[in-house]
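Q: sharing a model prediction with you, sequence too.
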Amino acid sequence: MDDIRQARKVLTDVVENVGKAIIGKRRTIELVVLAMASGGHVLIEDIPGVGKTSLACALARSVDCEFKRIQFTPDILPSDITGFSIYNSGTGKFEYRPGPVMSNFVLADEINRTSPKTQASLLEIMEEGNVTVDGVSHPLPQPFMILATQNPIEYQGTYPLPEAEIDRFTIRVSLGYPETEDELRILYNSHCNQAANLSAVASAGDVLMVRKKVLSVHVSEEVGRYILAVVGATRTGGEFALGASPRASIMLFQMSQALALYRGREFVIPDDVKFLAPFVLCHRLLPSRGTKASGGKVSEIVDGILASTPAPSLRA
């Protein structure tokens, strides 16, 4: 139980620290921190000016690790992300020059403003934790996490992310407009960059410890089957042209473990799954033509699936 308390304290400290810079968005902060705890990546999608970049920077600065920011533009190349090989005339050999992705936390800012070719350079990085340049694989430092921001794809000058890449993001979150009182606080603190002024409250070792503890959180077979039933319902019924993948099942499983740990439990309950499912599943689902024609929303369909899928009677 002491390990649970220690891991929970790490997560709570990071949440509280990020909350100093991102006012009034505790639930979103918690989700991003839980993604970090489960070893995942986060897609932050929202309109300009609501704090997407600040949220990513605040999380990275809350952990004493290396942090790099990549500003994605239409002319950026894959080698600008992964690095490249350069010939060393002194040794007569090619040497690898690491790109900015060789860091613990990487902010992929406005990821949908770059070309599909450059977006694709992140596929191996996000899935396997390696960078391959000229046939040689280079392991990424641990912990490793990508926090990507994007504006909605209907805005000008953007490229929709391919399904294979979207599926590698553990969750998608948005911040939305702040409440009036929260925005008033933001106004009176706008003269200082709160995210840049944060001090680290956790170390790389702390994050790795938490990730190890997350994997030890118990998930009963009943809850495991419940996760599969929820994910499986997205593949039948005709509402979606593309349902959630097995990777989605794994990520929902691991995020549920992280949430249980954050709430001080050594086991997952169905309510953990219900809370997380919309954030893990919605960005992966492509509505069918019939759903589009009828004006159906992905989030509402997922809510319907959760309401109609019987959950095991487990309680905290």
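A: All right, it came through fine.
Q: what are the boundaries of the helices in the chain?
A: 2-19, 26-37, 52-62, 79-82, 116-120, 122-128, 163-166, 180-188, 204-215, 221-233, 246-262, 270-281, 289-293, 298-308 (DSSP state H).
Q: tell me which of these sits most buried.
A: helix 52-62 (a mean of 24; mean count of other CB atoms under 10 Å). (C-beta placed from N, C-alpha, C; glycine too.)
Q: please name the bridge partners of the residue most central in space within the chain.
A: The structure's the chain has its C-alpha centroid closest to residue 42; by CA atoms, centre = their mean the separation is 1.6 Å. Beta-bridge pairing for residue 42 (DSSP bridges): residue 147, residue 171.
Q: quick one: it and residue 51, what's the gap?
A: For residue 42, the distance to residue 51 (CB to CB, to the nearest Å) stands at 14 Å.
Q: returning to that earlier point: and the residue nearest to the centre of the chain, what does it touch?
A: Each residue near residue 42 by CB atoms under 8 Å, 6 or more residues apart in numbering is listed here: 31-32, 35, 56, 145-148, 169-173.
Q: hmm, which of the residues you listed is lowest in pLDDT?
A: Scanning those for pLDDT, the low point is residue 56. It has 89.
Q: identify the residues contacting it.
A: 42, 44, 105, 107, 109, 147, 149.
Q: so what's the last one closest to, chain neighbours aside?
A: Think residue 149. residue 52 (4.1 Å; CB to CB, 6 or more residues apart in numbering).
Q: please identify which of the helices of the chain is closest to residue 69.
A: Residue 69 lies closest to helix 52-62 among the helices of the chain, at 7.5 Å (CB to CB).
Q: relative to helix 26-37, how tilted is the closest one?
A: 50 degrees (axes from the mean of the first three to the mean of the last three CA atoms, to 10 degrees).
Q: now do residue 4 against residue 47, distance only.
A: 38 Å.
Q: same question for residue 252.
A: Taking CB to CB, one finds residue 252 at 27 Å from residue 47.
Q: over to residue 111?
A: When residue 111 is compared with residue 47 (using CB to CB), they lie 15 Å apart.
Q: and the end-to-end length of stretch 239-248?
A: 18 Å (CA to CA, to the nearest Å).
Q: mind listing what's buried along it?
A: Across stretch 239-248, burial judged by 16 or more other CB atoms under 10 Å covers 239-240, 243-245, 248.
Q: stretch 128-136 too?
A: For stretch 128-136, burial by neighbour count (16+ other CB under 10 Å) applies to 131, 133.
Q: residue 72 is nearest to which of the helices of the chain?
A: helix 116-120 (7.3 Å).
Q: so for the closest one, mean pLDDT?
A: The model assigns helix 116-120 a mean pLDDT of 89.
Q: and what of stretch 158-167?
A: Average pLDDT, stretch 158-167: 88.
Q: between the two ends of that stretch, how far is it?
A: End-to-end span of stretch 158-167 (CA to CA): 19 Å.
Q: likewise stretch 161-178?
A: End-to-end distance for stretch 161-178: 27 Å, by CA to CA.
Q: which of the contacts of residue 56 fall within strands?
A: Among the contacts of residue 56, the members falling in strands (DSSP state E) are 42, 44, 105, 107, 109, 147, 149.
Q: buried ones in stretch 68-77?
A: 68-70, 72, 76.
Q: about what we covered before: looking at residue 111 and residue 47, which one has more neighbours?
A: residue 111 (26 against 13; other CB atoms under 10 Å).
Q: doesn't residue 72 make contact with that one?
A: Yes. At 5.2 Å, residue 111 counts as touching residue 72 under the criterion of CB atoms under 8 Å.
Q: next one: residue 235 from residue 249, what distance?
A: For residue 235, the distance to residue 249 - CB to CB - is 11 Å.
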